[in-house]
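[1] coordinates only, sequence not included:
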């Protein structure tokens with residue numbers, strides 16, 4: 001019997017393996033890409049920050065150099081002034097591109113402009129036709145004088161050579177449009193079209209051309225989403241052979257005034273508008289859907305009561321069956337706004353987009369105290385070659401000012417195909433995305449116990465640096481939930497899908513084994529769940545204790561206190577056979 005109990009408890013509480021290691025890195029706005037030759041993941045971020053890893057846990061920082069016609073390590077001030085590509089094809093004819101200096105364009109917005117702090121949020125992709133690494137870089141300028149430019153390299157670590165502009169913003173007065181590719185895209189203009197002559201109201205209608213995300217759709221077409229706050233997130237088709245805008249694709253003006261949803265130059269709007277917060281679009285095809293991530297709120301750590309823009313960064317998720325939308329959330333709300341409204345923080349007028357997670361603390365052994373996470377966002381996501389999906393983002397911390405680090409969480413799809421993020425960062429777990437629907441990672445008998453429950457609510461008050469913290473619940477062997485919340489739970493046998501009902505709200509998610517983010521990096525695994533409700537709220541949970549050990553025999557008094565189950569989860573009215581039984585989450589022996 002002692003040997004049997006040892007084997008049983010070993011199954012209920014997995015034995016620890018070897019310790020893992022983590023080497024942190026700070027890359028703001030990390031965009032992930034896989035380099036197959038070296039079997040290495042790379043992230044590229046703002047201000048030339050970049051890092052690489054082979055295991056998504058131990059990162060090494062590096063800087064990719066810029067190339068020009070005369071240098072393989074050019075200064076920022078020289079790197080984006082002279083495009084290498086001067087012509088493109090349109091309608092079969094060769095047409096000239098403007099000799100566009102991205103730096104000179106950005107300087108129009110400020111007399112004190114310095115490009116060094118304005119190289120924002122690059123996205124790198126391998127172009128299969130060009131056989132080049134293509135970097136799409138935001139060269140930001142004040143007053144919307146921004147551009148997204150293409151640079152290419154033979155090696156993913158550079159050097160990267162400026163090829164040509166892809167899209168530009170800010171031509172809101174005079175003849176400045178003559179220095180852009182506007183006329184290449186929409187034809188010769190006698191003067192600036194009136195719809196663009198909006199001066200300081202540009203941001204209500206049109207995008208700030210930053211934050212590119214470039215991706216191939218399932219048919220091999222190349223797309224770029226881009227934009228930040230201002231007039232929203234927009235989409236253009238690119239030319240697979242050049243990596244630049246596809247000038248043969250025409251966009252018919254749709255909508256009027258600030259409500260325009262398709263523009264002949266900027267393409268198709270897919271999210272935001274009217275200066276509603278939202279930036280850092282990232283699109284990845286997972287399962288049967290294209291998933292759009294947009295980060296709402298201000299990127300800072302928060303805590304400035306007089307400024308609602310200071311803080312509140314939070315990732316929101318929408319999905320579509322087509323690469324260019326429409327992108328909807330779990331309640332069918334469109335990612336595009338029809339008028340201005342606050343969409344994050346305590347003043348929010350809408351809970352739009354799946355709240356995959358937000359600021360949290362007292363969670364596990366790592367995200368506690370000053371290391372509690374907040375203002376997470378500007379993420380990328382990768383359905384990786386190893387069969388897993390990874391969410392990569394930067395996070396600030398509860399009491400560390402604006403310091404930030406990169407975090408990686410594995411992501412799964414629930415029964416409805418929506419994305420749910422693992423409750424703890426990735427530390428080498430082996431479960432693959434396909435395993436969720438085909439195997440049960442946590443045995444049903446292992447589920448009952450004491451859990452920490454985290455509810456990722458909308459409208460956190462970032463002006464007071466609010467974050468969510470866990471409560472304690474019991475998942476009982478009879479399928480009930482007690483403690484700080486009451487409800488029910490059930491496992492879809494043979495899969496890793498779990499359904500949790502708290503009150504009247506149903507959450508559908510996934511249950512797997514995860515490492516408990518130990519500060520000593522020891523391998524301390526536990527069952528954990530992540531689940532999503534139809535209203536877009538995510539919950540996380542992890543098991544911190546067994547309900548009890550196997551404690552005593554079933555007495556006549558005990559038999560009166562609730563339903564009794566055997567170890568296979570079958571209800572037993574009057575246990576007679578010797579063995580182990582479960583009642584109200586506790587284990588008993590019949591001798």
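    Nice, thanks for sending it over. Only a predicted model underlies this, so the values are computations on that prediction, with no experimental measurement involved.
[2] contacts and neighbour counts: CA atoms only from here.
    Noted.
[3] Give the helix, strand or coil label for the residue lying closest to residue 304 once chain neighbours are set aside.
    Closest residue in space to residue 304, ignoring its immediate chain neighbours: residue 463 at 5.1 Å, by C-alpha to C-alpha, 6 or more residues apart in numbering. Assigned by DSSP: H, G, I helix; E, B strand; the rest coil, the conformation of residue 463 is helix.
[4] show me what contacts residue 540?
    Going by C-alpha atoms under 8 Å, 6 or more residues apart in numbering, residue 540 touches 422, 423, 453, 454, 455, 456, 528, 529, 530, 531.
[5] Quick check: the gap between the second one and residue 515.
    Read that as residue 423. The spacing between residue 423 and residue 515, counted by C-alpha to C-alpha, to the nearest Å, is 10 Å.
[6] now swap in the last one and tell me
    In this structure, residue 531 lies at 18 Å from residue 515, with C-alpha to C-alpha as the measure.
[7] cool, and the fourth one?
    Using C-alpha to C-alpha, we find residue 454 at a distance of 17 Å from residue 515.
[8] got it, and the first one?
    In this structure, residue 422 and residue 515 are 11 Å apart, going by C-alpha to C-alpha.
[9] Between those two, tell me which one has more neighbours.
    residue 422 (26 against 23; other C-alpha atoms under 10 Å).
[10] what pLDDT does that one get?
    Looking at residue 422, its pLDDT reads 98.
[11] again with residue 572
    Residue 572 carries a pLDDT value of 79.
[12] now swap in residue 566 and tell me
    70.
[13] and the residue nearest to residue 175 when sequence neighbours are not counted, how many neighbours?
    Of all residues not flanking residue 175 in the chain, residue 192 sits nearest, at 6.6 Å (C-alpha to C-alpha, 6+ apart). By the criterion of other C-alpha under 10 Å, residue 192 has 17 neighbours.
[14] which stretch of helix or strand covers residue 192?
    In the assignment (DSSP states H and E), residue 192 maps to no helix and no strand.
[15] Run through the residues that contact residue 231.
    202, 203, 204, 205, 206, 207, 208, 258, 272, 273, 274, 275.
[16] Redo those residues as JSON lines? Include distance to residue 490, neighbour count and secondary structure.
    Output for those, formatted as JSON lines (distance: C-alpha to C-alpha, whole Å; neighbours: other C-alpha atoms under 10 Å; DSSP: H, G, I helix; E, B strand; the rest coil):
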{"residue": "202", "distance to residue 490": "52", "neighbour count": "24", "secondary structure": "helix"}
{"residue": "203", "distance to residue 490": "48", "neighbour count": "24", "secondary structure": "helix"}
{"residue": "204", "distance to residue 490": "47", "neighbour count": "21", "secondary structure": "helix"}
{"residue": "205", "distance to residue 490": "48", "neighbour count": "22", "secondary structure": "helix"}
{"residue": "206", "distance to residue 490": "48", "neighbour count": "32", "secondary structure": "coil"}
{"residue": "207", "distance to residue 490": "46", "neighbour count": "28", "secondary structure": "coil"}
{"residue": "208", "distance to residue 490": "47", "neighbour count": "32", "secondary structure": "coil"}
{"residue": "258", "distance to residue 490": "48", "neighbour count": "18", "secondary structure": "helix"}
{"residue": "272", "distance to residue 490": "38", "neighbour count": "29", "secondary structure": "strand"}
{"residue": "273", "distance to residue 490": "41", "neighbour count": "33", "secondary structure": "coil"}
{"residue": "274", "distance to residue 490": "43", "neighbour count": "23", "secondary structure": "coil"}
{"residue": "275", "distance to residue 490": "43", "neighbour count": "22", "secondary structure": "coil"}
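[17] SS state for the most centrally placed residue in the chain?
    By C-alpha atoms, centre = their mean, the chain has its centre lying nearest to residue 379, at 4.3 Å. Under the three-state scheme (three-state DSSP), residue 379 adopts strand.
[18] Go ahead and confirm it touches residue 29.
    Yes. At 6.4 Å, residue 379 and residue 29 qualify as touching, with contact defined as C-alpha atoms under 8 Å.
[19] what touches both of these two?
    280, 393, 394.
[20] Secondary structure, distance to residue 580 and pLDDT added to those, as TSV?
    Below are the shared contacts of residue 379 and residue 29 laid out as TSV (DSSP: H, G, I helix; E, B strand; the rest coil; distance: C-alpha to C-alpha, whole Å; pLDDT from 0 to 100):
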residue	secondary structure	distance to residue 580	pLDDT
280	strand	53	98
393	strand	45	98
394	strand	47	98
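[21] just the buried members of these?
    280, 393, 394 (16 or more other C-alpha atoms under 10 Å).
[22] re earlier: let me see the contact set for the residue nearest to the centre of the chain.
    Applying C-alpha under 8 Å, 6+ apart, we find residue 379 in contact with 29, 30, 31, 280, 282, 293, 295, 315, 391, 392, 393, 394.
[23] Nearest to residue 304 among those?
    Ranked by distance to residue 304 (C-alpha to C-alpha), the contacts of residue 379 are led by residue 295 at 19.5 Å.
[24] Switch the shared contacts of residue 379 and residue 29 over to CSV; also include distance to residue 499.
    Shown next, in CSV, are the shared contacts of residue 379 and residue 29 (distance: C-alpha to C-alpha, whole Å):
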residue, distance to residue 499
280, 31
393, 27
394, 30
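[25] Please tell me how far residue 526 sits from residue 279.
    Separation of residue 526 from residue 279 (C-alpha to C-alpha) stands at 35 Å.
[26] Could you check which of those two is surrounded by more residues?
    With neighbours defined as other C-alpha under 10 Å, residue 526 and residue 279 compare such that residue 279 has more, 30 against 20.
[27] was I right about the more buried one contacting residue 296?
    Yes. Using C-alpha under 8 Å, residue 279 is in contact with residue 296, at 6.6 Å.
[28] low-confidence ranges in the stretch 151-300 of the chain?
    The stretch 151-300 of the chain contains no residues with pLDDT under 70.
[29] Tell me where it has helices.
    All helices of the stretch 151-300 of the chain, identified by DSSP state H, counting those that start in this stretch, fall at 182-186, 202-205.
[30] want to throw those helices into JSON lines with distance to residue 136?
    Conversion of the helices of the stretch 151-300 of the chain to JSON lines gives the following (distance: least, C-alpha to C-alpha, whole Å):
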{"stretch": "helix 182-186", "distance to residue 136": "19"}
{"stretch": "helix 202-205", "distance to residue 136": "22"}
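[31] and of these, who's closest to residue 140?
    Closest to residue 140 of the helices of the stretch 151-300 of the chain, according to C-alpha to C-alpha: helix 202-205, at 14.3 Å.
[32] Relative to the whole chain's centre, how far out is the closest one?
    Computed by C-alpha atoms, centre = their mean, to the nearest Å, the separation of helix 202-205 from the middle of its chain amounts to 26 Å.
[33] Name the residues that touch it?
    So helix 202-205 is in contact with 144, 170, 172, 196, 229-231, 257-260, 273-275, going by C-alpha under 8 Å, 6+ apart.
[34] Just the element for residue 573, please.
    Residue 573 belongs to no helix or strand, assigned by DSSP H and E.
[35] What's opposite the nearest residue to it once chain neighbours are set aside in the beta bridge?
    Once flanking residues are discounted, residue 573 sits nearest to residue 564: 6.7 Å by C-alpha to C-alpha, 6+ apart. Legend: beta-bridge partners of residue 564 under DSSP bridges are residue 583.
[36] Near residue 564, how many other residues are there?
    26.
[37] Quick check: it touching residue 479?
    No. With contact defined as C-alpha under 8 Å, residue 564 does not count as touching residue 479 (11.5 Å).
[38] For stretch 505-520, buried residues please.
    Judged by neighbour count (16+ other C-alpha under 10 Å), stretch 505-520 contains these buried residues: 506-518.
[39] What of stretch 99-111?
    99, 100, 101, 102, 103, 104, 105, 106, 107, 108, 109.
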